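*Asks:* when you get a sec, could you give me coordinates for this:
(one chain, ligands or ions: 1)
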Amino acid sequence: MTSLSSLRWTDVADLRDRLLVVPLGATEQHGPHLPLSTDTVIACELADAVGRERDDVVVAPAVPYGASGEHQAFDGTLSIGSAATELLLIELARSATETFRRVLFVSTHGGNAEAVRSAVQRLRAEGRDVRAWGPTWGGDAHAGTSETSVMLAIRPEQVGVDRLEPGATRPIRDLLPELQRDGVRGVSANGILGDATTASEEQGRTALRRATGELVAFVAGWPPVLTPTR
Ligand SMILES: [Zn+2]
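*Replies:* The predicted model follows:
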């Protein structure tokens, strides 16, 4: 795997045709059992996986901040909001495309989705070959079975296994009006949307394998010519 942070600038001239993969995470509460870096850790894991799989990829240092306003009532959450996230991504990719022909954001935090979508739209309108991809775990929404399982698979030492709890277990669409009005704290005292007690390393490995396969397929299917997105 080629990691941008370990290269010298003189090494990079030969790598201009490669795809730069930028992990995009967040620093926000993930229940009483997962670290604030959870989204960033998972984004890096996925970016590294595609970096190991393909020799035409360079993995960039992660963006560890994003739009986490809905988690602000929990200590330790560091949010830069959606507008700043969008601008950060625009400027970062403008700079990155001065060297690299293609840039991919691997985005694991749902709260960044709108900023990522707008930034990519703007960048592509400027003629830059920038795309975004994010995993869909298919389970619960936040710090529950899905994310806890993935963390058990990749960073078991960082999971507080003696603190696994259920959180708000109603379907996310039912919670949405309250979530939008009161933030996560308004619907879940411990910050979990889902149930962390049903997590397992095995589920995490399966989910990670599937997500990595989807990401590798996404990169493999990247159209050779820049086409405008929706
Ligand atoms: Zn998360």
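*Asks:* can I get the worst-scoring helix or strand of the chain on mean pLDDT in CSV? Just the C-alpha atoms.
*Replies:* Sorting the helices and strands of the chain by mean pLDDT, DSSP states H and E puts helix 172-187 at the bottom, at a mean of 92. Taking Å, rounded to 0.1, in the frame of the first residue of the first chain, the C-alpha atoms of helix 172-187 are listed here in CSV:
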residue,chain,number,x,y,z
ILE,A,172,-34.5,5.6,12.2
ARG,A,173,-37.4,6.9,10.1
ASP,A,174,-39.6,7.0,13.2
LEU,A,175,-36.9,8.8,15.2
LEU,A,176,-36.2,11.4,12.4
PRO,A,177,-38.5,14.2,13.4
GLU,A,178,-37.3,14.1,17.0
LEU,A,179,-33.7,13.7,15.9
GLN,A,180,-33.9,16.8,13.7
ARG,A,181,-35.5,18.8,16.5
ASP,A,182,-33.5,17.6,19.6
GLY,A,183,-30.4,16.0,18.2
VAL,A,184,-29.2,12.5,19.2
ARG,A,185,-29.4,13.3,22.9
GLY,A,186,-33.1,14.0,22.6
VAL,A,187,-33.8,10.4,21.6
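*Asks:* list the buried residues of that helix.
*Replies:* Leu175, Leu179, Gly183, Val184, Arg185, Val187 (16 or more other C-beta atoms under 10 Å). C-beta coordinates here come from the backbone N, C-alpha and C atoms, glycine included.
*Asks:* list the buried ones in the very next helix or strand once past that helix?
*Replies:* Following helix 172-187 in sequence order, the next helix or strand is helix 201-220 (DSSP states H and E). The neighbour-count check on helix 201-220 (16+ other C-beta under 10 Å) flags Glu201, Gln203, Gly204, Ala207, Leu208, Ala211, Thr212, Leu215, Val216, Val219 as buried.
*Asks:* could you check how far the least confident helix or strand of the chain is from the centre of its chain?
*Replies:* 21 Å (C-alpha atoms, centre = their mean, to the nearest Å).
*Asks:* and the protein, which residues reach the ion?
*Replies:* Thr38, Asp39 (C-beta under 5 Å from the ion).
*Asks:* now do the strands in the chain.
*Replies:* With DSSP state E, the ranges of strands along the chain come out as 2-3, 19-24, 57-59, 102-107, 129-133.
*Asks:* possible to save the ones you listed as JSON lines with mean pLDDT and mean neighbour count?
*Replies:* Below are those laid out as JSON lines (pLDDT from 0 to 100; neighbours: other C-beta atoms under 10 Å):
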{"stretch": "strand 2-3", "mean pLDDT": "98", "mean neighbour count": "14"}
{"stretch": "strand 19-24", "mean pLDDT": "98", "mean neighbour count": "26"}
{"stretch": "strand 57-59", "mean pLDDT": "98", "mean neighbour count": "22"}
{"stretch": "strand 102-107", "mean pLDDT": "98", "mean neighbour count": "26"}
{"stretch": "strand 129-133", "mean pLDDT": "98", "mean neighbour count": "21"}
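*Asks:* coming back round to it: contacts for the least confident helix or strand of the chain next, please.
*Replies:* Residues from elsewhere that reach helix 172-187 (C-beta atoms under 8 Å, 6 or more residues apart in numbering): 29, 69-74, 140-142, 168, 191, 193.
*Asks:* swap in 6 Å and give it another go.
*Replies:* Glu70, His71, Ala73, Ala141, Ala168, Gly191 (C-beta atoms under 6 Å, 6 or more residues apart in numbering).
*Asks:* kind regards, and thank you for your time.
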